Each structure stands twice: as C-alpha cells, then as structure tokens.
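Chemist: Got a predicted structure here, sequence first:
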Amino acid sequence: MGAILKDLEEQALRLPPKERGELIHRLIVSLDGEPEDSPEVIAKAWDEEIARRVADMEAGRTKWIPADEVFKEIDAIIAEQKR
C-alpha cells in the first residue's frame with residue numbers, strides 16, 4: 001500500500017461512523033455512477049426480490065447447496081486464479 005493511500009486510510013478511520021459511511025458512498029458512486037432510481041424504489045425492488053426468493057424456497061423450486069460445498073468450490077476457484 002502506498003504512503004498516500006495508507007495516510008488516507010488512517011484519516012478515514014478517524015472519521016465518525018456517519019462521515020465514514022458518506023465517504024464510502026461517494027467512493028462507490030465514483031466507481032459505479034449514481035443509481036438510476038431513488039433509494040425507495042431500490043428498496044422496494046429488493047423487498048420484492050427477497051419475497052420472490054423466499055416463495056421459491058418454500059415451494060421447493062430452489063436447489064440447496066451445503067455451505068461447506070460452496071466454500072470448497074470458492075477455495076478451488078481462488079487457488080486456480082493464484083496459479
């Protein structure tokens with residue numbers, strides 16, 4: 001990590017939580033751009049997506065994969081990328 005980046009990180013970590021959150025938001029927006037919809041529209045869309053997924057799980061339309069299998073697969077992908 002470069003000296004400037006390390007200094008910025010140290011300064012950012014000294015900010016109050018609310019200001020750190022605002023900084024995080026600004027940095028993400030600088031990478032991804034502003035969201036196309038309002039926070040309320042986005043929250044409603046997420047609520048609908050969560051409800052759809054829960055309904056799919058309850059109806060048996062989803063495939064359940066044990067967490068240990070998922071983590072083994074992730075570890076294998078990471079190991080392959082490091083080669």
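Modeler: Received, thanks.
Chemist: separation between the most centrally placed residue in the chain and residue 21?
Modeler: The centroid of the chain falls nearest to residue 28 when counting by CA atoms, centre = their mean (10.9 Å). Noted for residue 28: a distance of 11 Å to residue 21, by CB to CB, to the nearest Å. C-beta: built from backbone N, CA, C; applies to glycine.
Chemist: do the same with residue 57
Modeler: According to CB to CB, residue 57 stands 31 Å off from residue 21.
Chemist: If you count residues, where's the longest helix of the chain?
Modeler: helix 39-58 (DSSP state H).
Chemist: need the next SSE after that helix, C-terminal direction.
Modeler: With elements assigned by DSSP states H and E, the helix or strand that comes after helix 39-58 is helix 67-82.
Chemist: What mean pLDDT does that next one get?
Modeler: Mean per-residue pLDDT for helix 67-82: 95.
Chemist: hmm, who's touching that helix?
Modeler: Contacts to helix 67-82, defined as CB atoms under 8 Å, 6 or more residues apart in numbering, come from no residue at all.
Chemist: Dump the C-alpha coordinates for it into PDB.
Modeler: Output in PDB follows, covering the C-alpha atoms of helix 67-82 (Å, rounded to 0.1, in the frame of the first residue of the first chain):
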ATOM      1  CA  ALA A  67     -22.200 -24.300   2.800                       C
ATOM      2  CA  ASP A  68     -19.100 -26.500   3.100                       C
ATOM      3  CA  GLU A  69     -19.500 -27.400  -0.600                       C
ATOM      4  CA  VAL A  70     -19.900 -23.800  -1.600                       C
ATOM      5  CA  PHE A  71     -16.700 -22.800   0.300                       C
ATOM      6  CA  LYS A  72     -14.800 -25.700  -1.200                       C
ATOM      7  CA  GLU A  73     -15.700 -24.500  -4.600                       C
ATOM      8  CA  ILE A  74     -14.800 -20.900  -3.800                       C
ATOM      9  CA  ASP A  75     -11.400 -22.000  -2.400                       C
ATOM     10  CA  ALA A  76     -10.800 -24.000  -5.600                       C
ATOM     11  CA  ILE A  77     -11.600 -21.000  -7.800                       C
ATOM     12  CA  ILE A  78      -9.300 -18.800  -5.700                       C
ATOM     13  CA  ALA A  79      -6.500 -21.300  -5.800                       C
ATOM     14  CA  GLU A  80      -6.800 -21.600  -9.600                       C
ATOM     15  CA  GLN A  81      -6.700 -17.800 -10.000                       C
ATOM     16  CA  LYS A  82      -3.500 -17.600  -8.000                       C
END
